[in-house]
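Chemist: Have a look; sequence and predicted model below, questions after that.
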Amino acid sequence: MLPLRLLRSAPSHPPTHSQRIFQPSSSLLLSFQRTYLGRTDKFKPPDPNQTYTPVVESADEFRFVDRLLGRDVVPKIPEKSLKEYPTPSGWIPPAPVPPQLPYFIARTRFHNLPVYLHVVEHSTRKLTQVAKVQGDIWMLEKELVHFLRQHAFDGLVASQVSEVNRWIRIKGNYVEQVKEFLLAKGF
């Protein structure tokens, strides 16, 4: 195929079939410009002298918008006695002093444990993921697999570790058991 500028120059020989197919015709371009997004004229840049409708800022009406926006700061953990935990939703606060272990699991910004269940799309395969792991991720994986072998049907637990992404995946639905393990450790 010849470049477009070569096709527009006056050829000494009649164009071939492939050159006629790829050569844009002026009627095609005009019909495209007329029908593109319902516009009948070519695209024109905005006129700098044109006046626009002024924008009015209303502090009184912003209260309706402010209700819909999320909180910027997550509230601190409520100070209650330990007798009132777990809450009705099952939430338990972290230990007042972090455990002295070679690894650490940070809580999410809403103070929840970062343990998730992933269901593979179009499949019945389930994966439990522990995220936000800091420190010795391999030691955590070893202790976690040892703990989960008690709860596994056949005593086999398959796991995958990603040091870069700081997560551990375990084959199967072990969300409640992993949360139990992490709460027992003091996270």
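Modeler: Here it is on my side, so go on.

Chemist: how about the nearest residue to Val175, chain neighbours excluded?
Modeler: Leu117 (5.0 Å; Cβ to Cβ, 6 or more residues apart in numbering). Yep, even glycine has a C-beta here, placed from its N, CA and C like the rest.

Chemist: Check whether the one you found really touches Arg125, as I assumed.
Modeler: No: in this structure Leu117 lies outside contact range of Arg125 using Cβ atoms under 8 Å: 11.2 Å.

Chemist: Which one's more surrounded, these two?
Modeler: Higher neighbour count among Leu117 and Arg125: Leu117, with 14 against 11, using other Cβ atoms under 10 Å.

Chemist: tell me the SS of that one?
Modeler: strand (DSSP: H, G, I helix; E, B strand; the rest coil).

Chemist: And the pLDDT at it?
Modeler: We have a pLDDT of 97 for Leu117.

Chemist: Compute the number of surrounding residues for Phe187.
Modeler: Using other Cβ under 10 Å: Phe187 sits among 20 other residues.

Chemist: Please enumerate the strands of this protein.
Modeler: Remark: strands assigned in the chain by DSSP state E are 103-105, 115-119, 126-130, 133-135, 159-162, 167-171.

Chemist: among the ones you listed, which is nearest Thr87?
Modeler: strand 115-119 (17.2 Å; Cβ to Cβ).

Chemist: Point out where this structure drops to low pLDDT.
Modeler: Applying pLDDT under 70 to the chain flags residues 1-46, 72, 74, 78-83.

Chemist: Swap in 90 and give it another go.
Modeler: 1-98, 109-111, 121-123, 151-155 (pLDDT under 90).

Chemist: wait, doesn't Ala152 sit right on Lys171?
Modeler: No: using Cβ under 8 Å, Ala152 is not in contact with Lys171, being 9.7 Å away.

Chemist: show me the contacts for the residue nearest to Val175.
Modeler: Lys126, Leu127, Thr128, Gln129, Asn173, Val175 (Cβ atoms under 8 Å, 6 or more residues apart in numbering).

Chemist: hey, what's it bridged with?
Modeler: Thr128 (DSSP bridges).

Chemist: Let's have the strands of the chain in CSV, adding distance to Lys179.
Modeler: Conversion of the strands of the chain to CSV gives the following (distance: least, Cβ to Cβ, whole Å):
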stretch, distance to Lys179
strand 103-105, 11
strand 115-119, 5
strand 126-130, 9
strand 133-135, 14
strand 159-162, 16
strand 167-171, 12
